[in-house]
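1. Show me the folded form of this:
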Amino acid sequence: MNQINNEIITKEIFIEARPETLFSFFTDAEKMVRWMGRHILLEPKIGGTYRIDVNGSDIARGEYIEIIPYEKIVMSWGWEKSKLVPPGSSKVEFKLTPKENGTNLVLTHYDLPVEEISSHQQGWSHYMPRIKQFAEGNDPGTDPWSDMAMH
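-> Numbering: from 1, shown residues only. Predicted structure coming up:
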């Protein structure tokens, strides 16, 4: 059995965009692909599945567990072809809290095996500034990771 770390990954970032704007970046494939991955399929409803093709080789899959419009999205998370973090084996929560002229976005990733913490830390550290850039009206450009295999 894989050792599960009780530690969780938490990333917090302030974005100058309303929660209503930001929320769609997790439910609209055309918006999500602007900050993460190269091909995305989303079925944004409880039990609906998603598939994020990061680079043609690394593909994240899971399903929507909880959706509270403009406040919170929880998805199961994992990777096709991964024995350590198979699809649906971990959980990612995106919490949107209105703050001043924007939104405080808090990402929390739970239930990762110890040996996967650092690579997922890197991943979210890469993607959080990209969603901020896009949400604030700037073009983050093509995801530089879309040409690199990670797993």
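
2. burial count for the residue lying closest to residue 16 once chain neighbours are set aside?
-> Leaving out its chain neighbours, the residue that sits closest to residue 16 by CB to CB, 6 or more residues apart in numbering is residue 102, at 4.1 Å. Using the backbone N, CA and C atoms, a C-beta is placed for each residue, glycine as well. For residue 102, the neighbour count with other CB atoms under 10 Å is 20.

3. Please report phi then psi for residue 102.
-> Here is the backbone geometry of residue 102 (degrees, to the nearest 10): phi -170, psi -140.

4. just residue 43 next, same as before
-> phi -130, psi 80.

5. For residue 105, which three-state class applies?
-> State at residue 105, reduced to three classes by DSSP: H, G, I helix; E, B strand; the rest coil: strand.

6. how far away is it from residue 147?
-> Look at residue 105 and residue 147: by CB to CB, to the nearest Å, they are 26 Å apart.

7. With neighbour numbers in mind, choose between the two.
-> Each of residue 105 and residue 147 has its neighbours counted (other CB under 10 Å); residue 105 has more, 24 against 10.

8. And that one, how far from residue 89?
-> For residue 105, the distance to residue 89 - CB to CB - is 24 Å.

9. I'd like to check which residues are in contact with residue 59.
-> 51, 52, 53, 79, 80, 81 (CB atoms under 8 Å, 6 or more residues apart in numbering).

10. What segments of this structure are helices?
-> Ranges of helices in the chain, per DSSP state H, are 19-23, 29-32, 117-135.

11. now those helices in CSV, with distance to residue 8 and mean pLDDT?
-> Shown next, in CSV, are the helices of the chain (distance: least, CB to CB, whole Å; pLDDT from 0 to 100):
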stretch, distance to residue 8, mean pLDDT
helix 19-23, 21, 96
helix 29-32, 23, 96
helix 117-135, 9, 96
